[in-house]
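Asks: Any chance you could fold what I've pasted below:
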Amino acid sequence: MSWSACCRIDSGDVRPSARAAVRLTTSSSSRSTRRVIGRVACLGFALLLTLAVLLAGSALGDAQTPLTLALTPSRDPTALKEAGDAFAKTITQVSGVPVKAIVASDYAGVIEALRSKRVDLAFVHPVGYVLANREAGCLILVRDVWQGKTAYTARFYVRKDRGIQRVEDLRGKTVAFVDPASSSGYIYPMVLLIKQGLVRDRDPKSFFKDALFTGTHEAALQAVLRGRVDAAASFDKAPELHIKDPALIAHLGFVGETPEIPEAGICARPDLPAEPVARIKRALLSIKAPEYAALLKEIYGIDGFIEADDRDYQPVRDAMSLMNLSPPK
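Replies: Here you go, the predicted model:
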């Protein structure tokens with residue numbers, strides 16, 4: 001066999017086998033590649049599914065994190081905390097949004113807690129709302145309805161047996177205020193005295209012999225009843241709400257009364273998600289007497305809530321301006 005023939009025979013025999021080998025190799029490689037791709041795809045899908053579950057779990061966890069509602073300590077803190085817990089539970093049930101309640105240490109504590117984002121919602125008295133709006137950008141959600149009214153007044157209460165007949169008779173006497181940030185327990189009564197020319201330089205001691213802050217409306221009224229002070233500044237229905245005993249209330253009279261003050265309400269931080277806040281607002285507007293009368297009486301003696309607007313509190317801003325408590329221009 002010649003070399004050339006041998007080569008032809010070899011070449012003729014080898015090429016088909018080589019092509020088969022190539023086809024076999026290619027086919028095996030393709031199947032391996034598909035298997036690898038399939039495994040990668042499955043692994044990727046599993047990772048995406050796991051991530052989706054984790055994200056969903058995280059979102060669910062966030063959704064279940066309660067919003068914190070702060071209560072202004074205008075009455076006994078222990079009793080107010082119990083009432084607040086019951087109120088928060090009701091909001092949660094009606095709105096579907098978890099809410100928990102805390103009682104702030106004082107009026108200023110409510111504003112600071114909102115500003116520092118330690119609480120999300122707050123019961124705020126009128127001056128408190130203006131401060132919360134200024135300091136933390138909070139917006140009023142609802143306004144209280146109290147004894148069928150959405151406004152109230154402030155008065156100077158005195159014992160009837162002390163012979164005090166007019167505001168002017170308080171000159172040189174002692175007075176109990178509630179809190180420097182209290183609408184009816186300080187700001188509006190002071191504005192009344194300033195407008196009548198009885199107080200100079202926003203200093204109560206330019207008119208009174210001495211002035212003190214008791215922290216609550218009840219304590220201020222009790223200070224008058226017990227003879228610790230000659231007068232106390234508080235709102236128009238404070239004796240009925242905080243003293244309750246008709247025999248003790250009968251000892252109290254009042255001198256001087258302020259213009260109407262818009263009722264207190266509940267405000268919310270501006271950076272909260274809109275949807276749960278809207279649900280809470282709807283729930284608050286639906287919580288009213290008679291169904292929730294007992295609950296509302298325990299919280300602040302209110303009847304329910306109405307729609308509220310920031311403009312409702314412009315008279316409060318005007319009073320604060322006179323007291324030099326307005327934000328800098």
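Asks: Every contact and neighbour count from this point should use C-alpha atoms.
Replies: OK.
Asks: Which stretches in the stretch 201-329 of the chain count as helices?
Replies: For the stretch 201-329 of the chain, helices defined by DSSP state H, counting those that start in this stretch occupy the ranges 217-225, 238, 246-249, 274-286, 293-300, 314-322.
Asks: would TSV of these with mean pLDDT be doable?
Replies: Putting these into TSV (pLDDT from 0 to 100) gives the following:
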stretch	mean pLDDT
helix 217-225	97
helix 238	94
helix 246-249	96
helix 274-286	97
helix 293-300	92
helix 314-322	94
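Asks: Ok, which of the ones you listed comes nearest residue 100?
Replies: When the helices of the stretch 201-329 of the chain are compared by C-alpha to C-alpha, helix 274-286 sits nearest residue 100, at 12.5 Å.
Asks: Flag every buried residue along that closest one.
Replies: Neighbour counts using 16 or more other C-alpha atoms under 10 Å place 276, 277, 279, 280, 281, 282, 283, 284, 285, 286 of helix 274-286 among the buried residues.
Asks: Nearest to residue 223 among these?
Replies: residue 284 (35.0 Å).
Asks: pretty sure that closest one contacts residue 305?
Replies: Yes: using C-alpha atoms under 8 Å, residue 284 is in contact with residue 305, at 6.6 Å.
Asks: Name the residues contacting each of these two.
Replies: Jointly contacting residue 284 and residue 305 under the rule C-alpha atoms under 8 Å, 6 or more residues apart in numbering are residue 142.
Asks: residues contacting residue 147?
Replies: So residue 147 contacts 302, 303 (C-alpha under 8 Å, 6+ apart).
Asks: Please report phi then psi for it.
Replies: phi 50, psi 40 (degrees, to the nearest 10).
Asks: From residue 224, how far off is it?
Replies: Residue 147 sits 25 Å away from residue 224, going by C-alpha to C-alpha, to the nearest Å.
Asks: Once you drop chain neighbours, what's closest to residue 157?
Replies: Among residues not flanking residue 157 along the chain, residue 254 sits closest, at 4.2 Å (C-alpha to C-alpha, 6 or more residues apart in numbering).
Asks: show me where this structure has strands.
Replies: Applying DSSP state E to the chain gives strands spanning 67-71, 99-103, 121-124, 139-145, 151-152, 154-159, 174-177, 210-213, 231-235, 252-257, 261-262, 265-268, 304-307.
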